[in-house]
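In: structural data only, the sequence is not supplied:
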């Protein structure tokens with residue numbers, strides 16, 4: 001379905017299927033009579049074969065765990081700290097939220113993290129048709145789901161609170177095998 005509208009919040013008008021066609025490569029669309037300048041056109045279709053996007057989270061986990069725990073690694077690190085600014089900070093927050101801070105042996109991967117100006121939400125890193133580099137722009141993509149729940153790092157009265165309480169009280173090995181305890185400092189400031 002191809003639609004046309006006059007501005008971002010205007011109602012969409014469905015263009016007749018006979019009035020447009022796909023190009024030779026099936027990655028372009030042509031409209032009989034051409035596209036009108038200043039109009040917004042959207043093509044809606046059923047997609048298939050999404051690119052795998054969540055492997056970066058597992059690769060980060062496995063690489064850091066390898067450097068910390070494998071004697072054959074070219075460098076050994078006793079502690080690992082995650083540091084990210086903007087989108088890489090959001091990647092770190094997604095990493096912890098998705099539970100990737102435990103390696104396959106149940107050991108903590110990062111010992112601490114500092115995501116800086118990473119925004120309030122999680123990113124588009126680990127689901128079908130994700131676009132990790134997409135951001136929320138005021139005029140072009142505000143209808144696209146660029147920001148994902150949760151929109152805070154504050155401890156909420158959920159499983160997160162129970163985890164934070166358990167992590168502060170004990171470091172029992174049984175807890176470490178199930179969940180990750182980590183120190184995280186987050187800032188949302190900009191230098192002048």
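Out: Yep, it's here. Every value quoted in this text rests on a predicted model; they were computed, and no experiment measured them.

In: which stretches in this structure count as helices?
Out: 55-69, 87-97, 159-169, 173-178 (DSSP state H).

In: show me what the second one is packed up against.
Out: With contacts taken as 3 or more CB pairs under 8 Å, 6 or more residues apart in numbering; DSSP states H and E, helix 87-97 sits against helix 55-69, strand 81-85, strand 112-116. Any C-beta I mention is one placed from the backbone N, CA and C, and that applies to glycine too.

In: partner strands of the second one, with direction?
Out: Partners of strand 81-85 in the sheet, by DSSP bridges, are strand 112-116 (parallel).

In: what pLDDT is listed against residue 29?
Out: Here, the pLDDT recorded for residue 29 equals 93.

In: and it, how many neighbours does it have?
Out: Using other CB atoms under 10 Å, residue 29 has 13 other residues around it.

In: residues in a beta bridge with it, which ones?
Out: Beta-bridge partners recorded for residue 29 (DSSP bridges): residue 22.

In: can you give me the distance of it to residue 112?
Out: 49 Å (CB to CB, to the nearest Å).

In: now do residue 119
Out: Distance, residue 119 to residue 112, by CB to CB: 20 Å.

In: looking at those two, which one has more neighbours?
Out: The residue with more neighbours, out of residue 119 and residue 112, is residue 119; 18 against 14, by other CB under 10 Å.

In: for stretch 50-60, what does the pLDDT average out to?
Out: Rounded mean pLDDT across stretch 50-60 is 86.

In: in it, which residues are buried?
Out: Using 16 or more other CB atoms under 10 Å as the test for burial, stretch 50-60 gives 53, 54, 56, 57, 60.

In: what's the span of it, first residue to last?
Out: Counting by CA to CA, to the nearest Å, you get 21 Å between the two ends of stretch 50-60.
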